[in-house]
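Enquirer: I need the structure of the sequence given here:
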Amino acid sequence: MKKFDYSEKYVPSESDRIGELEEAKNDEKEIPYYSKEVPESSSKKYDGKMAVVTYNWKNIYETTLKIREIRYEDGNDLEGLYKVNVRDGVDRTAFNYKGKTYIIRKVVKTVAKEIYENAKKVSDVVEKIIGWLKTVAGNYYSITKLDKEAWLFDKELKAEGIKILDKDKLSEENKRVLFEQVLEKTADLHLKDYILGKFSMDSIMLYDNAVLFTDLRMLKTTRKLSFLVKEFKRVLSVLQTNGFASEEEFAYAVRYYVTENPKGCREWFKEEMKKEPENDEEIAEKLEERLYEHVGS
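Expert: Numbers count the residues shown, from 1 in each chain. This next block holds a predicted model:
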């Protein structure tokens, strides 16, 4: 996917228009600036602490991602962002605007606001979501803002301020540190009864010397605490499959997690074994056994 630096002005000055018209007289292939795809009008209001900017378009049939409405936290300079040069309906993309880096991901209308609100409740564990937008075609996207350089495994997200990680080029020490940080962040997330819902290597972001979770489209709270343990198993399985977890690290991770999330682990054990555990060690042994079965170790 191409890298885009979005820097078009919204409305050119009168002198710019006259100059471009004069140039167009000399070359019929030149198109005056004001005839490019721009909104006919826009309006801005506030909904609490959220700025809401609406754009009205004349041509609604072009496939480029044109913004109908964008909502973002006041204090973020996104006014004037009315188009992103990708296909409307793309799953995700990254771009630069006014010196900042942004990631947008396609979401369902009914959860656009929910994702934003959930991310606020676990902001020390996840990427910074500042709002969402609706396109002319009716698609919704969450908006992530990167204030600093980020490292990601997701090769689809290419823009200035994003570096792509290659797991095969990481040292064993790098892998060990990343494994431990992902483990700690998973426990932190689960302590607040939240789950990512879908974990992969693309869920990992290295940002400001720490690990954060990215792609929060399935982030939600859960009352069924055993779901937390099932996600923990998924996290370890993905890390093991990608060469980030040895047998010794598995044993350490399980005992660490059982200590950090005793309620969820006890609930999971009772569901699996149909009885109360005698102690945390019994839970850890059974969880470790299930993990080896799951990853085929």
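Enquirer: ok, residues contacting stretch 106-115?
Expert: With contacts defined as CB atoms under 8 Å, 6 or more residues apart in numbering, stretch 106-115 is touched by 89-92, 129, 132, 134, 139-142, 216-217, 219-220. C-beta here means a position set from N, CA and C on the backbone, and glycine is covered the same way.
Enquirer: would you mind listing the buried residues in the longest helix that the chain contains?
Expert: When the chain is parsed with DSSP state H, its longest helix is helix 172-191. Within helix 172-191, the residues that qualify as buried by neighbour count (16 or more other CB atoms under 10 Å) are 175, 178-187, 189-190.
Enquirer: tell me the average confidence for that helix?
Expert: Throughout helix 172-191, pLDDT has a mean value of 95.
Enquirer: go on, stretch 136-153?
Expert: 96.
Enquirer: alpha carbons of it, as CSV, please.
Expert: Extracted C-alpha coordinates of stretch 136-153, given in CSV (Å, rounded to 0.1, in the frame of the first residue of the first chain):
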residue,chain,number,x,y,z
VAL,A,136,-19.6,9.2,1.6
ALA,A,137,-20.1,5.6,0.7
GLY,A,138,-21.4,4.9,4.3
ASN,A,139,-18.3,3.1,5.7
TYR,A,140,-17.1,3.8,9.2
TYR,A,141,-13.5,4.0,10.3
SER,A,142,-11.8,4.3,13.7
ILE,A,143,-9.0,6.8,13.9
THR,A,144,-5.7,6.2,15.7
LYS,A,145,-3.2,8.9,16.2
LEU,A,146,0.6,8.3,16.6
ASP,A,147,2.5,11.2,18.3
LYS,A,148,5.8,9.3,18.1
GLU,A,149,7.4,6.7,15.9
ALA,A,150,5.8,3.3,16.1
TRP,A,151,7.0,-0.2,15.1
LEU,A,152,4.5,-2.7,13.8
PHE,A,153,4.4,-6.2,12.3
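Enquirer: distance from it to the middle of the chain?
Expert: 6 Å (CA atoms, centre = their mean, to the nearest Å).
Enquirer: likewise stretch 78-88?
Expert: Using CA atoms, centre = their mean, the offset of stretch 78-88 from its chain centre is 18 Å.
Enquirer: which of the residues in it are buried?
Expert: So for stretch 78-88, counting by 16+ other CB under 10 Å, buried means 78, 81, 82, 83, 84, 86, 88.
Enquirer: which ones are touching residue 149?
Expert: 161, 162, 163, 207.
Enquirer: which among those residues gets closest to residue 65?
Expert: Proximity of the contacts of residue 149 to residue 65 (CB to CB) peaks at residue 162, which lies at 18.6 Å.
Enquirer: show me what the closest one bridges to in the sheet.
Expert: residue 150 (DSSP bridges).
Enquirer: residues contacting it?
Expert: 94, 101, 146, 149, 150, 151, 152.
Enquirer: the most centrally placed residue in the chain and residue 109, how far apart?
Expert: Of all residues in the chain, the one closest to the mean position by CA atoms, centre = their mean is residue 215, 2.9 Å from it. Remark: distance between residue 215 and residue 109 (CB to CB, to the nearest Å) = 18 Å.
Enquirer: ditto for residue 63
Expert: Remark: distance between residue 63 and residue 109 (CB to CB) = 20 Å.
Enquirer: ditto for residue 82
Expert: Distance from residue 82 to residue 109, by CB to CB: 20 Å.
Enquirer: which elements pack onto the longest strand belonging to the chain?
Expert: With secondary structure taken from DSSP state E, the chain has its longest strand at strand 64-73. Counting contacts by 3 or more CB pairs under 8 Å, 6 or more residues apart in numbering; DSSP states H and E, strand 64-73 is packed against strand 50-56, strand 83-87, strand 129-135.
Enquirer: please save the CA atoms from the last one in PDB.
Expert: The reference is to strand 129-135. Taking Å, rounded to 0.1, in the frame of the first residue of the first chain, the C-alpha atoms of strand 129-135 are listed here in PDB:
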ATOM      1  CA  ILE A 129      -7.900   6.200  19.400                       C
ATOM      2  CA  ILE A 130      -9.100   9.800  19.000                       C
ATOM      3  CA  GLY A 131     -12.400   9.300  17.200                       C
ATOM      4  CA  TRP A 132     -14.000   7.900  14.100                       C
ATOM      5  CA  LEU A 133     -15.300   9.000  10.700                       C
ATOM      6  CA  LYS A 134     -18.100   8.100   8.200                       C
ATOM      7  CA  THR A 135     -17.400   8.200   4.400                       C
END
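Enquirer: cool, thanks, talk later.
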